[in-house]
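Colleague: pasting the sequence and the predicted coordinates here, then a few questions.
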Amino acid sequence: MILEGYPSRVRAILLCTLLFFGVALLGQSAQTEKTFNQGAEALRNGRLDEAAERFSQLTVLAPGFAEAYFNLGLVRLQQRDFHAAILALQKSVNLKPRLRGANLFLGIAKYRNEDYLDAQTALKRELEIAPSNPDVLMWLGVVQLARGENSSAVVSLDKAAKLNPDNVDILYHRGRAHMLVSKESYEQMYKVDPKSWRVHQVLSQSFTEADRLDDAIKECTEAIRSKPDEPGLHEQLADIYWKQNQLEQAETEFENELKVDPQSTSSMYKLAVVSLERSKPAVAAELLKQVVQRSPGSSAEAYYQLGRAQAQLAENEAAIGNFKLAIKQSQQPDTETVRQSYYQLAQLYRRAQHLEESRQALESFLRLKQQADANEELKLQDKLKRAAQPAAR
């Protein structure tokens, strides 16, 4: 595979570069053009030895043709002959300092050769030529991570993710950079004050992520003992209890959070949902009314939960109105909240003998459910296919 192990986006740049260099052939001899095209074709099809031979011939036919050295460098890079790649790519940069992509791949070759400082220099030169290229920013971030410059890497990779938010390679390296910066921060915090309540808070978060919930509760409780009036701590503990389905304890801690921070809308919403799960629809409804009053553009989930509470209280008209608002407020038309809102509407309309409205709501629910089931099946098949690929190789 061409550039196996390299981000697919970089492979795409490579192919686009080959096409672009066709323009650079203007003014070259027929033999030069023929040799270039033969090399480009071989490179596109993964015939690396043939491509290397053609581009080597090209550097003899046209020793001042920077693009010939560039493509030779790409071939050597794919062959993992990093020293030869660096020599060729450096020659292309010397001949044409602002040749787009040359410093990018020179930086990649230097990185693969563990020359991190020189790699960073090359990538920064490429960034001057193409400041909005997410691939350059990504590789700069990767090199900065290799050099231990984690904070700088976060800046580079955040910029790359903003420019190309769906690139999984960028997202992976960005996540790693943020994780390393967080680790450094926590280690420094522990050195400064190992008995700080913040240390217990961080340990609780780590245990929660590792699904060690009993340990998470212990550490969070210790943090609260040291800092009982700190906003957020009781909510954090309540969330852990909720994960364990210890609803009574979760309810108590959400209430404690609201004593510390009466303006905490998130704790108010969560307390309402827990109260609803504990068969307290009146309490839930009152809390949720406050949530939506504070924020008229509240999330679809808030209106949906309010509709549930009102339905349990037999406040059917109010419930219908809030289920409709949940559908309207949803950012996506196919969420679980939207589906369940239609289902609840179908039930309420049937109770009110509005049979046509009930039928329409039920049809919408079934249609969205079928779509959701089909999407889940596609995801499962894709996951199975991906899992089988390494074995196939």
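Modeller: Yes, it's here.

Colleague: residues contacting the strand or helix carrying Leu171, please?
Modeller: Using DSSP states H and E, the element containing Leu171 is helix 168-192. Identification of contacts with helix 168-192 by CB atoms under 8 Å, 6 or more residues apart in numbering yields 7-9, 134, 138, 141-142, 145, 150-151, 153-154, 157-158, 160-161, 164, 196, 198-199, 202. Bear in mind the C-beta positions are built from the backbone N, C-alpha and C, glycine included.

Colleague: at 6 Å what do you get?
Modeller: Residues outside helix 168-192 that contact it (CB atoms under 6 Å, 6 or more residues apart in numbering): 7, 138, 141-142, 145, 150-151, 153-154, 157, 160-161, 164, 198-199, 202.

Colleague: so, low pLDDT: which residues of the stretch 201-350 of the chain?
Modeller: 296-298 (pLDDT under 70).

Colleague: just the buried ones among the contacts of helix 168-192, please.
Modeller: Among the contacts of helix 168-192, those classed as buried by neighbour count (16 or more other CB atoms under 10 Å) are 7, 138, 141-142, 145, 150, 153-154, 157, 160-161, 164, 198-199, 202.

Colleague: may I see the buried residues of the lengthiest helix in the chain?
Modeller: Of all segments of type helix in the chain, defined using DSSP state H, the longest is helix 355-392. When burial is assessed from 16+ other CB under 10 Å, helix 355-392 yields the following buried residues: 357-358, 361-362, 364-365, 368-369.

Colleague: for stretch 322-342, same thing?
Modeller: Taking 16+ other CB under 10 Å as the neighbour-count basis, stretch 322-342 is seen to contain the buried residues 322-327, 329-330, 335, 337-342.

Colleague: most widely separated two among the buried residues of helix 355-392?
Modeller: Spatial extent of those (CB to CB) is set by the pair Glu357 and Lys369 at 18.6 Å.

Colleague: how much space between Ser264 and Val168?
Modeller: The span separating Ser264 from Val168 equals 35 Å under the rule CB to CB, to the nearest Å.

Colleague: okay, the two: which has more neighbours?
Modeller: When neighbours are counted by other CB atoms under 10 Å, Ser264 and Val168 differ, and Ser264 comes out ahead with 18 against 10.

Colleague: quick one, phi/psi of the more buried one?
Modeller: With angles defined as degrees, to the nearest 10, Ser264 sits at phi -70, psi 100.

Colleague: which ones are touching it?
Modeller: For Ser264, the contacting residues are Glu257, by CB under 6 Å, 6+ apart.

Colleague: what comes up buried for the helix holding Leu171?
Modeller: Within helix 168-192, the residues scored as buried using 16+ other CB under 10 Å are 169-171, 173-174, 176-177, 180, 186.

Colleague: for stretch 59-78, same thing?
Modeller: Within stretch 59-78, the residues that qualify as buried by neighbour count (16+ other CB under 10 Å) are 59, 61-62, 65-78.

Colleague: do stretch 198-215 as well
Modeller: Burial within stretch 198-215, assessed by neighbour count using 16+ other CB under 10 Å, is assigned to 198-205, 207-208, 213, 215.

Colleague: residues in contact with it?
Modeller: The list of residues contacting stretch 198-215 from outside it, by CB under 6 Å, 6+ apart, reads 186, 189-190, 216, 219-220, 222-223, 240, 243-244.

Colleague: do that again at 8 Å, thanks
Modeller: Contacts of stretch 198-215 with the rest of the structure, by CB under 8 Å, 6+ apart, involve 186, 189-190, 193, 216-217, 219-220, 222-223, 226, 233, 236-237, 239-240, 243-244.

Colleague: now that stretch, how far from the centre of its chain.
Modeller: With CA atoms, centre = their mean, to the nearest Å as the basis, the distance from the averaged C-alpha position of stretch 198-215 to the chain average is 23 Å.

Colleague: try stretch 82-101
Modeller: In terms of CA atoms, centre = their mean, the gap separating the centre of stretch 82-101 from the centre of its chain is 33 Å.

Colleague: tell me the average confidence for that stretch?
Modeller: Stretch 82-101 shows a mean pLDDT of 93 in the predicted model.

Colleague: can I get it in CSV, CA atoms only?
Modeller: Backbone C-alpha positions of stretch 82-101 (Å, rounded to 0.1, in the frame of the first residue of the first chain) are rendered in CSV as follows:
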residue,chain,number,x,y,z
PHE,A,82,14.7,7.9,5.2
HIS,A,83,18.3,9.0,4.7
ALA,A,84,17.9,8.9,0.9
ALA,A,85,14.5,10.6,1.1
ILE,A,86,16.0,13.5,3.2
LEU,A,87,18.8,14.0,0.6
ALA,A,88,16.3,14.1,-2.3
LEU,A,89,13.8,16.3,-0.6
GLN,A,90,16.5,18.7,0.7
LYS,A,91,17.8,19.0,-2.8
SER,A,92,14.3,19.9,-4.0
VAL,A,93,14.0,22.6,-1.3
ASN,A,94,17.4,24.0,-2.2
LEU,A,95,16.3,24.3,-5.8
LYS,A,96,12.9,25.7,-5.1
PRO,A,97,12.5,26.9,-1.5
ARG,A,98,8.8,27.6,-1.7
LEU,A,99,7.9,24.3,-3.5
ARG,A,100,4.6,23.4,-1.9
GLY,A,101,4.7,20.2,0.0
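
Colleague: and it, what's buried?
Modeller: So for stretch 82-101, counting by 16+ other CB under 10 Å, buried means 82, 84-86, 88-93, 95-96, 99, 101.

Colleague: neighbouring contacts of it?
Modeller: Outside of stretch 82-101, the residues within contact range by CB under 8 Å, 6+ apart are 13, 17, 20, 59, 64-70, 72-74, 76-77, 79, 102-103, 105-106, 109-110, 112-113, 115, 122, 125-126, 129-130.

Colleague: please flag which of those residues sit within helices.
Modeller: Assigned to helices by DSSP H, the following of these qualify: 13, 17, 20, 59, 66-70, 72-74, 76-77, 102-103, 105-106, 109-110, 112, 122, 125-126, 129.

Colleague: all helices of the stretch 251-393 of the chain, in order?
Modeller: Using DSSP state H, counting those that start in this stretch, the helices assigned to the stretch 251-393 of the chain run over residues 265-277, 281-294, 300-312, 316-329, 336-351, 355-392.

Colleague: great, nothing more from me.
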